[in-house]
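**Q** return atomic coordinates for the entry below.
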Amino acid sequence: EGINAQDAAVSAYNSISSLRQQLKPDLRVHGIIEGTNWTPNVIPDNAKLTYIARASNKKDLVDLVERVRRCFYAAAFATGCGVNVEMNHAYLDLRQNPVLARDYGKVAIEHCGMTFDHLGTSASTDFGNVTYELPSLHPRYAIPCEPNGGNHTPLFTRAAQTKEAHIATMKVTKGLALTGFRVLSDSFFYEEVKAAFEVDKEARAHSRPDNGASFE
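**A** Numbering: from 1, shown residues only. From the prediction side, this is the model:
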């Protein structure tokens, strides 16, 4: 007899693994199981699962988090265990302001000698939360790297310390400063930026799910 917290953890883990089969290709869920003072000859009275859920937009993230939460509660119900689900703040998707992006691209090409494209990114950043609150722009840029020296590698760390990386960074900084200055000095441009933000805000409101889930 007894209630096994490890069984509950494994059940939740397996349920989430099964859930992946029904997830859209751009959704991600990954996590680990931990325990305190576990030993093979004692039924574990505690278990901790730490999971990260990722999606390309807020609506899909809310839905995904709710589906993962159900896996935790179902495992607890099946094994007779208690469960406490704690949520951290979410990193929301970037809502790039198209008017700011258009002006920045023009400035980057004409004044900073840079090329410009509209490729998106799936990287996580807390700046995404800022873009939900006010008109924002978060451009990416490249620095010279060695082969296989992409982001989050020691090679990239070394590349970021070079003079060439600093020069690229200053070009982006100047481009953003010029775009920001235009927002302050050109009232027509300022209103255009605000209007684009309101359009995106309205679109987000219509796509919000009905479950009212929070990320906090």
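
**Q** how near is the residue nearest the centre of the chain to H89?
**A** Central residue of the chain (C-alpha atoms, centre = their mean): S124, 3.4 Å from the mean position. Between S124 and H89 the distance is 12 Å, computed by C-beta to C-beta, to the nearest Å. To be clear about C-beta, it is placed using only N, CA and C from the backbone, and glycine gets the same treatment.

**Q** next one: A195
**A** For A195 relative to H89 (C-beta to C-beta), the value is 29 Å.

**Q** tell me where this protein has helices.
**A** In the chain, the helices defined using DSSP state H lie at 5-19, 58-79, 98-110, 127-131, 154-160, 163-185, 187-207.

**Q** quick check: which ranges of the chain have low pLDDT?
**A** For the chain, the stretches with pLDDT under 70 are 1, 120-123, 206-216.

**Q** quick one on the thing from earlier: looking at it, the residue nearest to the centre of the chain is touching D93, isn't it?
**A** No. At 9.3 Å, S124 does not count as touching D93 under the criterion of C-beta atoms under 8 Å.

**Q** overlap of the contact sets of those two?
**A** Overlap of the contact sets of S124 and D93 (by C-beta atoms under 8 Å, 6 or more residues apart in numbering) is empty.

**Q** not counting its neighbours along the chain, what's nearest P98?
**A** A196 (5.5 Å; C-beta to C-beta, 6 or more residues apart in numbering).

**Q** the one you found and P135 touch, don't they?
**A** Yes. The pair A196 and P135 qualifies as a contact (C-beta under 8 Å) at a distance of 7.0 Å.

**Q** now the common contact residues for those two.
**A** N97, V99.

**Q** who's more crowded, the two?
**A** Ranked by neighbour count (other C-beta atoms under 10 Å), A196 and P135 place P135 first, with 23 against 18.

**Q** what's the neighbour count on the residue nearest to L100 when sequence neighbours are not counted?
**A** Once flanking residues are discounted, L100 sits nearest to L137: 4.1 Å by C-beta to C-beta, 6+ apart. Residues contacting L137 under the criterion other C-beta under 10 Å number 21.

**Q** was I right about L137 contacting R102?
**A** No. Taking contacts as C-beta under 8 Å, L137 lies outside contact range of R102: 10.0 Å.

**Q** quick one: contacts for V99?
**A** P135, F189, E192, V193, A195, A196.

**Q** how much space between it and G82?
**A** Distance from V99 to G82, by C-beta to C-beta: 51 Å.
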